[in-house]
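Chemist: Turn this into a structure:
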Amino acid sequence: MATIAPLAEAVAQVVRDGDTVAFEGFTHLIPFAAGHEVIRQGRRGLTLVRMTPDVLYDQLIGAGCARKLVFSWGGNPGVGSLHRFRDAVQHGWPRPLELEEHSHAGMANRYVAAASGLPFAVLRGYTGTDLPAQTANIASVTCPFTGEVLTAVAALELDAAVVHAQRADRHGNVQLWGITGVQKEAVLAATRSLVTVEEVVDELEPRPGAVVLPSWVVDYVAEVPGGAHPSYAHDYSVRDNDFYVAWDAISRDRDEFAQWLESIA
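Modeler: A predicted model of the protein is given here:
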């Protein structure tokens with residue numbers, strides 16, 4: 001049964017120093033509020049996992065929370081680069097950042113394997129790239145039935161997963177809809193999980209196409225209206241495009257970024 005708790009308490013219980021943690025969301029439902037609480041609590045040594053790390057991961061990296069990033073694409077959507085990410089990779093500021101890069105398909109399959117309790121997933125992919133040479137988590141495997149050489153990717157072993165959703169009921173069952181990515185798989189793959197939600201309601205109303213995470217797979221739920229800002233929550237808020245544009249200038253300069261950090265303290 002999920003525990004409904006304030007955000008600070010939930011983050012303290014779910015995200016710990018040295019964890020491998022995914023803050024997942026795709027276009028919308030990105031758990032910014034939870035990520036900012038991780039920064040405030042001063043988490044260190046995190047291995048951050050995300051299919052599409054964007055501004056939230058730039059913030060976490062710039063705040064010194066991360067030691068490694070496992071990902072398949074990174075950028076400020078519609079704007080450009082992640083400059084705190086680049087500074088960490090190119091100059092080791094505020095600390096060096098180890099990278100493990102995959103394809104989108106590879107990352108999705110790694111999540112699915114972990115969510116299914118399997119040690120690895122098999123796909124046709126990575127052909128013609130040098131990514132397999134960069135990590136031990138990609139290998140070739142021969143199909144025992146056809147002899148075809150395929151690619152195997154190791155399951156993602158997550159200590160924690162953090163996602164945002166539209167609703168939860170008072171028992172901790174979670175409902176999300178709109179554009180969904182791998183939030184369900186991330187929660188199922190993780191040892192501990194936190195879902196921030198726009199609202200807690202007495203009863204979840206059925207919605208076509210909605211994903212429901214039952215309370216028995218969620219450890220903590222925190223009610224955080226606007227918790228996806230500057231991304232959005234479908235049917236609850238709109239994307240703050242101006243913030244994404246403004247972030248480019250903030251993230252380019254270490255002093256400007258330091259001032260932003262102070263603003264969320």
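
Chemist: buried ones in stretch 36-51?
Modeler: Counting neighbours by 16 or more other CB atoms under 10 Å, one finds that the buried residues in stretch 36-51 are 36-39, 43, 46-51. C-beta coordinates here come from the backbone N, C-alpha and C atoms, glycine included.

Chemist: mind listing the strands for the protein?
Modeler: For the chain, the strands defined by DSSP state E cover 3-4, 20-23, 46-50, 66-71, 98-101, 120-123, 138-142, 149-154, 158-169, 174-176, 190-201, 211-213, 220-223.

Chemist: hmm, back to that, is it possible to export the buried residues of stretch 36-51 to TSV including pLDDT and distance to residue 140?
Modeler: Formatted as TSV, the buried residues of stretch 36-51 follow (pLDDT from 0 to 100; distance: CB to CB, whole Å):
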residue	pLDDT	distance to residue 140
36	98	41
37	98	41
38	98	37
39	98	40
43	98	36
46	98	30
47	98	25
48	98	27
49	98	23
50	98	26
51	95	23
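
Chemist: out of those, which one sits closest to residue 240?
Modeler: Top of the list for closeness to residue 240, among those and by CB to CB, is residue 36 at 14.5 Å.

Chemist: and the gap between the closest residue to the closest one other than its chain neighbours and residue 41?
Modeler: Spatially, and ignoring its direct neighbours in sequence, residue 36 is nearest to residue 264 (5.0 Å; CB to CB, 6 or more residues apart in numbering). Going from residue 264 to residue 41 by CB to CB, to the nearest Å gives 12 Å.

Chemist: re the thing from before, need the strands of the chain in TSV with distance to residue 236, can you?
Modeler: Converted to TSV, the strands of the chain look like this (distance: least, CB to CB, whole Å):
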stretch	distance to residue 236
strand 3-4	18
strand 20-23	19
strand 46-50	22
strand 66-71	27
strand 98-101	33
strand 120-123	33
strand 138-142	38
strand 149-154	34
strand 158-169	6
strand 174-176	11
strand 190-201	5
strand 211-213	16
strand 220-223	12
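
Chemist: what's the closest of those strands to residue 239?
Modeler: strand 158-169 (13.4 Å).

Chemist: Give me the sheet partners of that closest one and which way each runs.
Modeler: Strands that pair with strand 158-169, judged by DSSP bridges, come out as strand 20-23 (parallel), strand 174-176 (antiparallel), strand 190-201 (parallel).

Chemist: Report the mean confidence score over it.
Modeler: If you average the pLDDT over strand 158-169, you get 98.

Chemist: Distance from stretch 63-70 to the middle of the chain?
Modeler: Stretch 63-70 sits 12 Å away from the centroid of its parent chain (CA atoms, centre = their mean, to the nearest Å).

Chemist: Can you tell me what sits against that stretch?
Modeler: 20, 38-39, 43-50, 53, 57, 60-61, 85, 88, 94-100, 102, 107, 156, 261 (CB atoms under 8 Å, 6 or more residues apart in numbering).

Chemist: do stretch 114-134 as well
Modeler: Stretch 114-134 is contacted by residues 100-103, 105-106, 109-110, 112-113, 138-141, 150-158, 184-186, 188-189 when judged by CB under 8 Å, 6+ apart.

Chemist: now stretch 180-194
Modeler: Here stretch 180-194 makes contact (CB under 8 Å, 6+ apart) with 10-11, 13-15, 22, 24-27, 29, 34, 51-52, 107-108, 111-112, 114-115, 155-163, 165, 176, 195, 211, 213, 217-222.

Chemist: Tell me what residue 26 is bridged to.
Modeler: Under DSSP bridges, the beta-bridge partners of residue 26 are residue 28.

Chemist: That one contacts residue 52, correct?
Modeler: Yes - counting by CB atoms under 8 Å, residue 26 does reach residue 52; the two are 6.6 Å apart.

Chemist: For residue 256, find the nearest of the strands of the chain.
Modeler: strand 66-71 (19.8 Å).

Chemist: quick one: that closest one to strand 46-50, angle?
Modeler: For strand 66-71 against strand 46-50, the angle by axes from the mean of the first three to the mean of the last three CA atoms, to 10 degrees is 20 degrees.
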